[in-house]
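Novice: Got a predicted structure plus its sequence, pasted below:
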Protein chains: 2
Amino acid sequence: MQGTMLYGPRDIRSEALPEPKITRPTDAIIRLSATCVCGSDLWPYRGIAPIEQPTPMGHEYCGIVEEVGKDVKNIKPGQFVVGSFATSDNTCIICRDGYQSSCVHREFMSAAQASLLRVPLADGTLVATSDVPSKEFIPSLLATSDVLGTGWFAADAANVKPGSTAVVVGDGAIGLLGVLSARQMGAERIIAMSRHESRQKLAREFGATDIVTERRDEGIARIKDLTNGIGADSVLECVGTQESMMQAIRSTRPGGYVSYVGVPHGVELEGAGLFFAHVHLHGGPAPVRRYLPQLIDLVLNEKINPGKVFDLTLPLDQVAEGYKAMDERRAIKALLRP
Amino acid sequence: MQGTMLYGPRDIRSEALPEPKITRPTDAIIRLSATCVCGSDLWPYRGIAPIEQPTPMGHEYCGIVEEVGKDVKNIKPGQFVVGSFATSDNTCIICRDGYQSSCVHREFMSAAQASLLRVPLADGTLVATSDVPSKEFIPSLLATSDVLGTGWFAADAANVKPGSTAVVVGDGAIGLLGVLSARQMGAERIIAMSRHESRQKLAREFGATDIVTERRDEGIARIKDLTNGIGADSVLECVGTQESMMQAIRSTRPGGYVSYVGVPHGVELEGAGLFFAHVHLHGGPAPVRRYLPQLIDLVLNEKINPGKVFDLTLPLDQVAEGYKAMDERRAIKALLRP
């Protein structure tokens, strides 16, 4: 089958790879309807998060179940399923509390930029739709697998409520879907920090009421201007750098909420500064599994259209162009068709 | 009047100082019934938080109002009052949200280790009791001014709820009153991390169900043993060092809550580690004013006796011995009688 391997910085290749097999009785094999390139894939692609060996890439997926292991009870061949980038048994005490992405049996998915994928803990990880959805829903259903689920967690962890003022730091797919999520949760004012016209446009379509193009001190001053001088109730940090994290913390009012949902790279938070900022801080790998049933319903009921973040569609074997376009910020997010 | 000045590391002096005067029309002058030495006073006393000039010390206070400025409406001479270490107008948008210790007009109190004290923003900062309380309540009422209010915030910010498992890192007065607060909020299991027998005893009196004497990896292993292998729901960090902060974060279950209420000294939080810990983090200067009415009621109705943290009582002019006893950990907390 066709798969995707990263060999080193900017050396990403589409290759013929062996088909995955059921290796544990709780596994499922799915035939992917679509997969995509994640902003987080760019960290190793750019060499910022070094890899030790050739690495199969991809962790966003939806498709049709081909085969299940003998202990899989709920997921059946022929079903259309979506899963999270983190596997979960969905029964442990941490899963039951809604933190499936820290499940005691968690594994992080890889190898999803392929035509076939092995999914461990299929019963706990995958959510099946009642029918096989029609093709036009595929991009949005694929988005629920990670970027929408992560943007949703960003809004939830930042305590967005009806009437809130929310700031979104980062105009990648997750930031844009953070805007959509904040809108769904009833935020009254949603300020997107973005310098890119096409992304600003999508942010507005998803519900942003204001755009701030300034960064650092000027950006913070603009946010304060828009929030009675005190900062926002909720700030969604959707980048993962020191600058974006400080931008987020300093844009939040005392007593407000900061979420962070991208793996931080080189971020150090100084204790006393955080203390006097007086914010709530919550983040981590998004527990997408918690939100999947609700998000799939919103998509299938045409309440939301998160698939709009895919502004580039390529056949799977042109995955390298997908990485390149995203790296050069020519594309927000590349969908791959196996 | 008698007051207290810090001149440099371990050079604390009781001195005759000019009496404070009303300088702004929102000020009050109070005659202190009691004051005390705070754990946070030990940072400059030990030279860890250097001072630039001789500094008047003390920020915990209760007493009788002597005089008020012409714009003070609610506080009247003759009333018994308690106030927080942070002044607040109690009307701004941040105060109304319960974060009075980040009030837009906040000042941090000092000069309270004295017989008379000027309190800015008297109407917003001070809470008066309906009658002048009898003497036996003074230590507990004094405790509400900071250490109880701060311990209470620690438990609240760590989301302690009925049935929670809570860990308290730190066995100073704030940690001990964090135990008391967690008990009041209905925690089922309260694990106090303490190596000092007298403090363990008081922790148990205040409601601790378990004592952990180990620290670092061993301490974390003990906490995990006591919490189904996953860590506690709520962890109250009541010290303010790198070690205590990491102890707290690593003792918390994914999805759990960490609070931190002492000014962090030399603390740096590494972003990726915090991300994968998956905890909620909240802290800062405790908004004691939010809790004062409730805490004063609990004291006057004899539901709680937080004054037990004062295990040393001295006349005000022996303040130096109070610092010394706390520095050497001979005393948990020294009460000073003007």
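Specialist: Alright, I've got the coordinates.
Novice: Disregarding residues adjacent in the polypeptide, which is nearest to the spatially most central residue of chain A?
Specialist: Of all residues in chain A, the one closest to the mean position by Cα atoms, centre = their mean is A:Val147, 2.5 Å from it. Distances taken as Cβ to Cβ, 6 or more residues apart in numbering or on different chains put A:Ala173 closest to A:Val147, at 4.4 Å, once the chain neighbours are dropped. For glycine as for every other residue, the C-beta is placed from the backbone atoms N, C-alpha and C.
Novice: Around that neighbour, how many other residues sit close by?
Specialist: Neighbour count of A:Ala173, defined by other Cβ atoms under 10 Å in any protein chain shown: 30.
Novice: how about it, what does it touch?
Specialist: Residues near A:Ala173 by Cβ atoms under 8 Å, 6 or more residues apart in numbering or on different chains: A:39, A:143, A:147, A:151, A:309, A:332-333.
Novice: next one: A:Val127
Specialist: Neighbours of A:Val127 in contact, by Cβ under 8 Å, 6+ apart: A:81-83, A:289, A:292-293, A:296.
Novice: sorry, back to before: which one of the contacts of A:Ala173 is nearest to chain B?
Specialist: A:Gly39 (15.0 Å; Cβ to the nearest Cβ).
Novice: element containing the nearest residue to A:Phe206 once chain neighbours are set aside?
Specialist: Using Cβ to Cβ, 6+ apart and skipping the chain neighbours, the partner closest in space to A:Phe206 is A:Leu180 (4.0 Å). Assigning secondary structure by DSSP states H and E places A:Leu180 in helix A:173-184.
Novice: After that helix, which helix or strand is next?
Specialist: Counting by DSSP H and E, what follows helix A:173-184 is strand A:189-193.
Novice: what distance separates that following strand from the centre of its chain?
Specialist: 19 Å (Cα atoms, centre = their mean, to the nearest Å).
Novice: With stretch A:65-80 instead?
Specialist: 25 Å.
Novice: Go through it and flag the buried ones.
Specialist: A:65-69, A:72, A:75, A:79-80 (16 or more other Cβ atoms under 10 Å in any protein chain shown).
Novice: and what of stretch A:23-41?
Specialist: Those would be A:26-30, A:32-41, for stretch A:23-41 by 16+ other Cβ under 10 Å.
Novice: Filter the contacts of A:Val127 down to the buried ones.
Specialist: Buried among the contacts of A:Val127 by 16+ other Cβ under 10 Å: A:81-83, A:289, A:292, A:296.
Novice: What is the nearest of those residues to A:Leu117?
Specialist: Ranked by distance to A:Leu117 (Cβ to Cβ), those are led by A:Gly83 at 8.8 Å.
Novice: Pull up the per-residue confidence for that closest one.
Specialist: Listed pLDDT for A:Gly83 reads 98.
Novice: Check the one 5 residues further on too.
Specialist: For A:Ser88, the model assigns a pLDDT of 98.
Novice: tell me the contacts of it?
Specialist: If you count contacts by Cβ under 8 Å, 6+ apart, then A:Ser88 has A:95, A:100-101, A:103, A:105-106, A:121, A:124-125, A:289 around it.
Novice: Spell out the secondary structure type for it.
Specialist: coil (DSSP: H, G, I helix; E, B strand; the rest coil).
Novice: gap between it and A:Arg118?
Specialist: As judged by Cβ to Cβ, to the nearest Å, A:Ser88 and A:Arg118 stand 16 Å apart.
Novice: residues near whichever residue of the stretch 1-150 of chain A sits closest to chain B, how many?
Specialist: The minimum distance from the stretch 1-150 of chain A to chain B, using Cβ to the nearest Cβ, falls at A:Ser102 (3.3 Å). Per other Cβ under 10 Å, the neighbour tally for A:Ser102 reads 23.
Novice: next one: A:Glu52
Specialist: 5.
Novice: Can you report how many residues lie near the nearest residue to A:Phe85 once chain neighbours are set aside?
Specialist: Spatially, and ignoring its direct neighbours in sequence, A:Phe85 is nearest to A:His59 (3.9 Å; Cβ to Cβ, 6+ apart). Counted with other Cβ under 10 Å, the neighbours of A:His59 add up to 22.
Novice: sec struct for A:His59, please.
Specialist: Here A:His59 takes the coil state, with states given by three-state DSSP.
Novice: and it, what is it in contact with?
Specialist: Contacts of A:His59 (Cβ under 8 Å, 6+ apart): A:38, A:85, A:108-110, A:112, A:146.
Novice: Quick check: the farthest pair among those residues?
Specialist: A:Ser110 and A:Asp146 (12.7 Å).
Novice: between those two, which one's more packed in?
Specialist: Using other Cβ under 10 Å, the more surrounded residue of A:Ser110 and A:Asp146 is A:Asp146, with 28 against 16.
Novice: I'd assumed A:Pro139 was in contact with A:Ala34.
Specialist: Yes: counting by Cβ atoms under 8 Å, A:Ala34 does reach A:Pro139; the two are 6.8 Å apart.
Novice: ok, the nearest residue to A:Asp210 once chain neighbours are set aside - how many residues close by?
Specialist: Distance criterion Cβ to Cβ, 6+ apart; nearest residue to A:Asp210, sequence neighbours excluded, is A:Ile191 at 4.4 Å. Counted with other Cβ under 10 Å, residues neighbouring A:Ile191 total 27.
Novice: Now do A:Ile191 against chain B, distance only.
Specialist: According to Cβ to the nearest Cβ, to the nearest Å, A:Ile191 and chain B sit 17 Å apart.
Novice: Which positions in chain A make contact with chain B?
Specialist: Taking Cβ under 8 Å from any Cβ of the partner chain as the measure of proximity, chain A contacts chain B at A:93-94, A:97-99, A:101-102, A:104, A:228-230, A:240, A:242, A:245, A:253-255, A:260, A:263-272, A:274-285.
Novice: and the residues you listed, which of them are in helices?
Specialist: Judged by DSSP state H, those include A:93-94, A:242, A:245, A:271-272, A:274-277 as members of helices.
Novice: A:Ala325 and chain B, how far apart?
Specialist: Taking Cβ to the nearest Cβ, one finds A:Ala325 at 27 Å from chain B.
Novice: surely that residue meets A:Phe310?
Specialist: No: taking contacts as Cβ under 8 Å, A:Ala325 lies outside contact range of A:Phe310: 11.5 Å.
Novice: Compare these two and say which is more crowded by neighbours.
Specialist: A:Phe310 (23 against 19).
Novice: ok, what's across the strand from the residue nearest to that one when sequence neighbours are not counted?
Specialist: Leaving aside its sequence neighbours, A:Phe310 sits nearest to A:Leu335 (Cβ to Cβ, 6+ apart; 4.1 Å). Counting by DSSP bridges, A:Leu335 forms beta bridges with A:Cys36, A:Thr313.
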